[in-house]
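Trainee: my questions concern the predicted model and sequence given below.
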Amino acid sequence: MDEGTSQYYFTASMSSGKTLCSLLKAIQFQECAVFCAMSEGLKFTVEEGKCVQASAYVPADNFTEYHVRDDVDVMFKISIAVLVECLNIFGSGEESSLKMYYRSEGSPLLLVLQPQSVFNVMTDCEIATQTAESALELRADAAAARLVLRAPALLGLLAGLERSGDTLELRVSPDHPHLSFLSYGMQDRSCVDVPKSSEMIQSFHCEEPITLKYQLYHIRLIMKALAISSKVVMRCSSNGLLLLQLKLEKEDQRQMFSEFTIVPLLDDL
């Protein structure tokens, strides 16, 4: 592609698309995502019914080149499954440089990938785009509790709970044991208490006890994101929404993020 960027709504380049691919896999629980290019970076959003919304954020400083026209809205629907497959076209073990181009509304998203270990080899991909529908608006009230947790520790805890039932009850309190995870179904029940002195908890703020229930299936949707993240910021809002921001730190210290917003069970609204 020798043409200038001015004729494109969006162009971007990065030395390796491997981390981006991992981040997209972490929210790949639906076929399609809404792709949004903003001046501050890229955002990919998927939804599970009207109960879970997940977004992957790639700040602009992760790209070697990044340009978005400021006179148009660059937002469209795209198959996240196809995008992940294209990013992984040379294999999961191969580092490949990535260039992305989006010409105008209705145009395909163009990808150019070149493996770093092989010279004079590259592949072009075109991924069809569709008009994006309006995203689900999940508005959280003021945070009743805010915690910063170590992602690997939370992953291990949830992995131990996930076969125990179909409901997760989350209790946060300024008093001991501070944080409790209870899972139960028709017959099984398990509980894990985590005091704020635990190595799992890096920061803890809660002024009043709060108890909320969620479908365990919805909580499981964060497992892939936890597996590639270092830290989780958890917010329990007063209207019951659970907000989770997961930070993925790269070797160059730049960050990418994923965020999950989970709606509580109806009887707890």
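Mentor: The structure has been received and is ready for your questions.
Trainee: every contact and neighbour count from this point should use C-alpha atoms.
Mentor: Will do.
Trainee: what's the distance between residue 99 and residue 112?
Mentor: To residue 112, residue 99 is 5 Å away according to CA to CA, to the nearest Å.
Trainee: let me fix that: residue 249
Mentor: Applying CA to CA, the value for residue 249 to residue 112 is 25 Å.
Trainee: what does the helix or strand containing residue 47 contact?
Mentor: Using DSSP states H and E, residue 47 maps to strand 41-48. Residues from elsewhere that reach strand 41-48 (CA atoms under 8 Å, 6 or more residues apart in numbering): 24, 27-30, 32-37, 53-61, 136.
Trainee: out of these, which are inside strands?
Mentor: If you go by DSSP state E, the contacts of strand 41-48 have 32-37, 53-59 in strands.
Trainee: residue 254 reaches residue 63, doesn't it?
Mentor: No: if you go by CA atoms under 8 Å, residue 254 and residue 63 don't touch, sitting 10.3 Å apart.
Trainee: for the two, indicate the residue with more neighbours.
Mentor: Applying other CA atoms under 10 Å to residue 254 and residue 63 shows that residue 63 carries more neighbours, namely 18 against 12.
Trainee: flag the shaky bits of the chain, pLDDT-wise.
Mentor: For the chain, residues meeting the criterion pLDDT under 70 lie at 1-6, 135, 162-164, 250-253, 267-269.
Trainee: could you pull out the helices for it?
Mentor: Remark: helices assigned in the chain by DSSP state H are 18-26, 80-87, 151-161, 216-220, 223-227.
Trainee: out of these, nearest to residue 264?
Mentor: Nearest to residue 264, of all these, is helix 216-220, at 9.6 Å by CA to CA.
Trainee: restricting to C-alpha, output the closest one in CSV.
Mentor: The C-alpha coordinates for helix 216-220 follow below in CSV (Å, rounded to 0.1, in the frame of the first residue of the first chain):
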residue,chain,number,x,y,z
LEU,A,216,-21.7,-18.1,37.2
TYR,A,217,-21.7,-18.6,33.5
HIS,A,218,-21.3,-14.8,33.1
ILE,A,219,-18.4,-14.7,35.5
ARG,A,220,-16.7,-17.5,33.6
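Trainee: give me the nearest residue to residue 112, chain neighbours excluded.
Mentor: residue 124 (4.6 Å; CA to CA, 6 or more residues apart in numbering).
Trainee: contacts only, for the one you found.
Mentor: Per CA under 8 Å, 6+ apart, neighbours of residue 124: 110, 111, 112, 113.
Trainee: what's the answer for residue 141, then?
Mentor: 237, 238, 239.
Trainee: ok, back up a step: reformat the helices of the chain as TSV; add mean neighbour count and distance to residue 93.
Mentor: Shown next, in TSV, are these (neighbours: other CA atoms under 10 Å; distance: least, CA to CA, whole Å):
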stretch	mean neighbour count	distance to residue 93
helix 18-26	20	9
helix 80-87	20	12
helix 151-161	17	23
helix 216-220	17	27
helix 223-227	21	18
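Trainee: right, and these - which one's nearest residue 173?
Mentor: When the helices of the chain are ranked by proximity to residue 173 (CA to CA), helix 151-161 comes first, at 17.8 Å.
Trainee: residues in contact with that closest one: which ones?
Mentor: Contacts for helix 151-161 (CA under 8 Å, 6+ apart): 183, 190, 192, 200, 220, 223, 226-227, 229-232, 246.
Trainee: how close does residue 240 sit to residue 266?
Mentor: From residue 240 over to residue 266 (counting by CA to CA), the distance is 10 Å.
Trainee: what's stretch 236-244 in contact with?
Mentor: Residues from elsewhere that reach stretch 236-244 (CA under 8 Å, 6+ apart): 140-146, 212, 232-235, 259-264, 268-269.
Trainee: now intersect those residues with the strands, please.
Mentor: Per DSSP E, the subset of the contacts of stretch 236-244 in strands is 143-146, 212, 232-235, 259-262.
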